[in-house]
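>>> Structure, please.
(chains A and B)
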Amino acid sequence: MQPSLFHQALRELPVLCQGRTERLGEWLANPTGARLAACAVAIAAGGAAYGFTLGLWRAPLMGGYVALKLPLLLGLTLLTNGLMNGMLAQVLGSGLSFRQTVMAMLMSFTTFALITGALSPVALALVWNAAGPGEPGGSVAYRVILLTQTAVIAFAGITAHRRFWPVLRAASASPRAGTLVFLTWLAGNLFVGAQLSWNLRPFFGQPARPVELFRADWNRSSFYESIYKNLTSFLP
Amino acid sequence: MPGPRPIPSKAQPRVMILEPMDRTPGLAATMEALLKRPGSAVREFAEGLRAGKLSASLTTVILGGLALFGLTAVGFSSGGQWWATPLKMISGLALSTALCLPSFYIFSCLSGLEISFRASVGLLMTALGLTGLLLAGFTPVVWVFSQSTGSLVFLGGILLAGWLVALFFGMKLLTSGARALGMKDGLHLRIWLGIFVLVTLQMTCALRPLLGKADTFLPNEKKFFLQHWGEQIGG
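Okay, here's the model as predicted:
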């Protein structure tokens, strides 16, 4: 891979946010090594920048841990779902190749990382201005930060996915197949992404718990079991 | 029989016209352009022709406007605040802009704008230039109130209202400029505007006190702006 091609691909990254179907379709049709590398760099940098702000309120060390874990979460979700989504795209008759499906997912995750990365200075200012753990007003600050960060992640996730719906429709053999691929892709990412984020917790870091890279019980339950347990605890 | 001829409207067109700037963008020409033909400033940045000169003039307008606006509150404050208030206002806007600049570029892209990062900086500077110029225009009004009241909350409210009105026109210029440059969907830019306004409002708390006396230059306690305002209003 030539460095000039890589730099050109880096400069083209805003195209992913602009959402012009023809430009995105061109990326999808030509998933070059330089473009893959540019996406990987954007995911690592954007994810790390935003991840740092997620954990920073609890402790700077926690920020460092989450700076590693957020790009890891994005990468693992991509790897876990890549095979399944590639197969489903073909079974659903979209005409998209395995490589194109993975590229579409990668482009979507890159858009997510670009949005969250761009918002990380604002998130940093939010944490910087909030009362810390144990200080007066710390519990209010924790809730405000938790809600704001969740809203940012949800917004970035929805925007990043929604942007590729028209692209998949245009690139697929039929618009219906494109929509089906999009929906299965969305469902898969949500289903697996939620579980992986559960395995890689903590991200925000509860004030009462120690700062740690992973929980000791990271593999002793699933996200969905915990939801079930929480729901049944309300029953008499 | 032909109907009555429509009365020619003297109102400015809603769509911004990206006309060329007819003079070198010095201070006077820049201020005139901001008020009468903001599209010419946007065009200069989009084409990158005399961007350096225009940036310098806009920076002067922004800094001058904020410094004047801050100085009007000096009569109300006392002690070391005469220099601290203008400095804090300038720092607050500079910090807010620096924090929000990356997201401004990305949200512009999400709105469908195909412009370079440099052009997006120029668009934002033009909008802030108009904001600064309007703030300078508000200073006599703010000065009258600063000399007429002893209420910190009231003068704070006046300053806040002045800031929000000036920012409203600046951000209106921003969206018009973005539309003229090819923006397809304004939703993401509006979301960014909301974020920017919130960040600037938080600066009023992070750099407090902007008005009145203080033992320290910056506060020791961290708060969100709504909490701070609530405490001030509650006495």
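
>>> any idea which helix or strand carries residue B:42?
For residue B:42, the element it lies in under DSSP states H and E is helix B:38-47.

>>> continuing past that helix, what's the next helix or strand?
For helix B:38-47, the following helix or strand on the C-terminal side (DSSP H and E) is helix B:51-72.

>>> Would you mind listing the buried residues in that next one?
Within helix B:51-72, the residues that qualify as buried are B:51, B:54-55, B:57-58, B:60-72, counting by 16 or more other CB atoms under 10 Å in any protein chain shown. Quick note: C-beta positions are derived from backbone N, CA and C, even for glycine.

>>> And stretch A:48-64, what's buried?
Within stretch A:48-64, the residues that qualify as buried by neighbour count (16+ other CB under 10 Å) are A:48-59, A:62-64.

>>> Who are the packing partners of the least confident helix or strand in chain B by mean pLDDT?
In chain B, no helix or strand scores lower on mean pLDDT, DSSP states H and E than helix B:225-234, which sits at a mean of 87. On a contact count with 3 or more CB pairs under 8 Å, 6 or more residues apart in numbering or on different chains; DSSP states H and E, helix B:225-234 meets helix B:152-180, helix B:187-206.

>>> The first one close to chain A?
Read that as helix B:152-180. No - using CB under 8 Å from any CB of the partner chain, helix B:152-180 never reaches chain A; the gap is at least 12.7 Å.

>>> quick check: angle from that helix to helix B:225-234?
Here helix B:152-180 runs at an angle of 150 degrees relative to helix B:225-234 (axes from the mean of the first three to the mean of the last three CA atoms, to 10 degrees).

>>> from the chain's centre, how far out does helix B:152-180 sit?
Mean C-alpha position of helix B:152-180 versus that of the full chain (CA atoms, centre = their mean, to the nearest Å) differs by 6 Å.

>>> what's the distance between the nearest residue to residue B:22 once chain neighbours are set aside and chain A?
Ranked by CB to CB, 6 or more residues apart in numbering or on different chains and with sequence neighbours excluded, the top spatial neighbour of residue B:22 is residue B:40, at 7.7 Å. Residue B:40 sits 25 Å away from chain A, going by CB to the nearest CB, to the nearest Å.

>>> can you count the residues close to residue B:40?
24 (other CB atoms under 10 Å in any protein chain shown).

>>> Can you pull up the most central residue in the chain?
Defaulting to chain A. residue A:74 (4.9 Å; CA atoms, centre = their mean).

>>> Please point out which parts of the least confident helix or strand in chain A by mean pLDDT sit buried.
Ranked by mean pLDDT, DSSP H and E, the weakest helix or strand in chain A is helix A:223-232, scoring a mean of 83. Of the residues in helix A:223-232, residue A:223 count as buried by neighbour count, 16+ other CB under 10 Å.

>>> which residues are in contact with it?
Helix A:223-232 is contacted by residues A:194, A:195, A:197, A:198 when judged by CB atoms under 8 Å, 6 or more residues apart in numbering or on different chains.

>>> rerun that using 10 Å as the cut-off
A:191, A:192, A:193, A:194, A:195, A:196, A:197, A:198, A:199, A:201, A:221, A:222 (CB atoms under 10 Å, 6 or more residues apart in numbering or on different chains).

>>> Stretch A:171-179 now?
Contacts for stretch A:171-179 (CB under 10 Å, 6+ apart): A:21, A:24-25, A:28-29, A:89, A:92-96, A:100-101, A:104, A:164-170, A:180-182.

>>> That one spans what distance, first to last residue?
End-to-end distance of stretch A:171-179: 11 Å, with CA to CA, to the nearest Å as the criterion.

>>> same question for that stretch, mean pLDDT?
The average pLDDT for stretch A:171-179 rounds to 86.

>>> List the buried residues of that stretch.
A:171, A:172, A:177, A:178, A:179.

>>> Phi, psi for the third one please.
Pointing back at residue A:177 there. phi -60, psi -40 (degrees, to the nearest 10).

>>> Chain neighbours aside, what residue packs nearest to it?
Going by CB to CB, 6+ apart, residue A:177 has residue A:94 as its nearest residue, at 4.3 Å.

>>> ditto for the second one
If you skip the residues right next to it in sequence, residue A:172 has residue A:178 as its closest partner in space, 3.4 Å away by CB to CB, 6+ apart.

>>> Would you mind measuring from the one you found to chain B?
21 Å.

>>> Which helix or strand contains that residue?
Residue A:178 belongs to helix A:175-199, assigned by DSSP H and E.

>>> could you check the angle helix A:223-232 makes with that helix?
80 degrees.

>>> buried stuff in helix A:175-199?
For helix A:175-199, a neighbour-count test (16+ other CB under 10 Å) marks A:177-182, A:184-186, A:188-189, A:192-193, A:196-198 as buried.

>>> roughly how far out does it sit from the chain middle?
Its chain's C-alpha centre and that of helix A:175-199 lie 12 Å apart, by CA atoms, centre = their mean.

>>> just checking, residue A:54 touches residue A:116?
Yes - counting by CB atoms under 10 Å, residue A:116 is a contact partner of residue A:54 at 9.3 Å.

>>> can you list residues touching both of those two?
Counting by CB under 10 Å, 6+ apart, the residues touching both residue A:54 and residue A:116 are A:70, A:123, A:149, A:152, A:153.

>>> and the second one, what does it touch?
Applying CB under 10 Å, 6+ apart, one finds that residue A:123 lies in contact with A:49-50, A:52-54, A:56-57, A:116, A:145, A:148-149, A:152, B:99, B:103.

>>> Distance check, it against residue B:36.
Separation of residue A:123 from residue B:36 (CB to CB, to the nearest Å) stands at 39 Å.

>>> Mind jotting down where the strands sit in chain A?
With DSSP state E as the definition, chain A shows no strands.

>>> dump the residue contacts of the residue nearest to residue A:177.
A:88, A:100-101, A:168-169, A:171-174, A:176-182.

>>> at 6 Å instead, please
Residue A:94 is in contact with A:172, A:177, A:181, counting by CB atoms under 6 Å, 6 or more residues apart in numbering or on different chains.

>>> just residue B:124 next, same as before
Counted by CB under 6 Å, 6+ apart, residue B:124 has contacts residue B:104.

>>> before we move on, back to that, now, of the contacts of stretch A:171-179, which are buried?
By 16+ other CB under 10 Å, these give A:21, A:24, A:28, A:89, A:92, A:94, A:96, A:100-101, A:104, A:164-169, A:180-182 as buried.

>>> ok, back up a step: mind putting the helices and strands packed on helix B:225-234 in a markdown table, distance to residue A:13, mean neighbour count and mean pLDDT included?
What follows is the helices and strands packed on helix B:225-234, written out as a markdown table (distance: least, CB to CB, whole Å; neighbours: other CB atoms under 10 Å in any protein chain shown; pLDDT from 0 to 100):
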| stretch | distance to residue A:13 | mean neighbour count | mean pLDDT |
| --- | --- | --- | --- |
| helix B:152-180 | 20 | 19 | 93 |
| helix B:187-206 | 16 | 20 | 95 |
